[in-house]
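Undergrad: what's the 3D shape of this:
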Amino acid sequence: MTHLSPLSAEVLAFSRLYLAAFFTFVAVFYTARIILIKPQVSSGEVIFPGQRFSASWWNHMLFKSFRAAIWFICVGRLFAPHWDQYLGIIAPLIQPLIQCLGFVLLTVGFAITAVVHWKMGTIWRSGVDPRGPVRLIQTGLYRYSRNPMFVCVALAQLGFFLALPSVFTLVCLVIGWSTLYRQTLVEEHHLEQAFTQEYRHYKTTVRRWV
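TA: Numbering: from 1, shown residues only. As a prediction, the model looks like this:
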């Protein structure tokens with residue numbers, strides 16, 4: 001790795017602690033969320049990856065695999081700093097201002113996502129529930145974006161890349177945005193079938209992203 005200034009080296013070291021703590025918290029948040037919602041759902045299920053080996057299923061598996069890899073690497077580099085040399089660190093981007101911006105985007109993106117989760121309550125699902133949803137949400141952030149949660153996740157993924165500029169996080173960013181886009185198409189198709197006229201009108205008044 002190219003020699004870094006003392007301040008840049010300190011920020012990179014801080015990223016080890018911050019990212020390990022952040023992604024561990026995210027993992028705990030989603031695990032707890034699923035455990036708490038399941039008993040309140042008639043079917044007892046809130047995760048719907050799609051038919052096995054379908055495009056939606058592979059998309060879900062890819063996203064899930066990279067999410068696990070991100071957690072493993074972020075926690076691992078906390079205890080083994082030398083792992084950084086295998087991530088393909090992009091030295092010119094290891095700048096305090098860039099990385100701090102990454103921390104902010106990562107935190108804000110997840111915080112807003114958590115708020116949307118809280119607002120959705122027990123109607124939240126991961127993937128497409130063939131029996132739902134029972135209504136089309138058009139309030140709150142959904143007045144400004146048809147996919148506010150995905151927008152915030154995408155923002156957090158960009159923040160991850162800036163917080164740890166590397167080939168690894170760049171690959172995660174490309175795959176993350178790609179899987180979000182494909183999942184958006186799947187979910188919008190389902191909603192258009194479930195709420196044909198209402199959803200078509202909604203599409204004409206609210207943008208897909210922002």
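
Undergrad: can you pull the contacts of the residue nearest the centre of the chain?
TA: Nearest to the geometric centre of the chain sits Val153, at 3.6 Å (CA atoms, centre = their mean). Taking CB atoms under 8 Å, 6 or more residues apart in numbering, we find Val153 in contact with Gly109, Thr113, Gly176, Leu180. Yep, even glycine has a C-beta here, placed from its N, CA and C like the rest.

Undergrad: Then Ala13?
TA: With CB under 8 Å, 6+ apart, Ala13 has these contacts: Pro81.

Undergrad: Now do the closest residue in space to Trp71 that isn't next to it in sequence, the pLDDT please.
TA: Excluding the flanking residues, the one nearest Trp71 by CB to CB, 6 or more residues apart in numbering is Phe23, at 4.6 Å. Phe23 carries a pLDDT value of 97.

Undergrad: check which helix or strand covers Phe23.
TA: helix 6-37 (DSSP states H and E).

Undergrad: For the lowest-mean-pLDDT helix or strand in the chain, which outside residues touch it?
TA: Within the chain, no helix or strand scores below strand 126-127, which has a mean of 89 by mean pLDDT, DSSP states H and E. Residues external to strand 126-127 that are found in contact with it (CB under 8 Å, 6+ apart): Ile34, Val46, Ile47, Phe48, Pro49, Gly50, Ser56, His60, Gln183.

Undergrad: now do stretch 75-90
TA: By CB under 8 Å, 6+ apart, stretch 75-90 touches 1, 12-13, 16-17, 19-20, 23-24, 73, 164-170.

Undergrad: please redo it, this time with the cut-off set to 6 Å
TA: Stretch 75-90 is contacted by residues Met1, Arg16, Ala20, Pro165, Ser166, Val167, Phe168 when judged by CB atoms under 6 Å, 6 or more residues apart in numbering.
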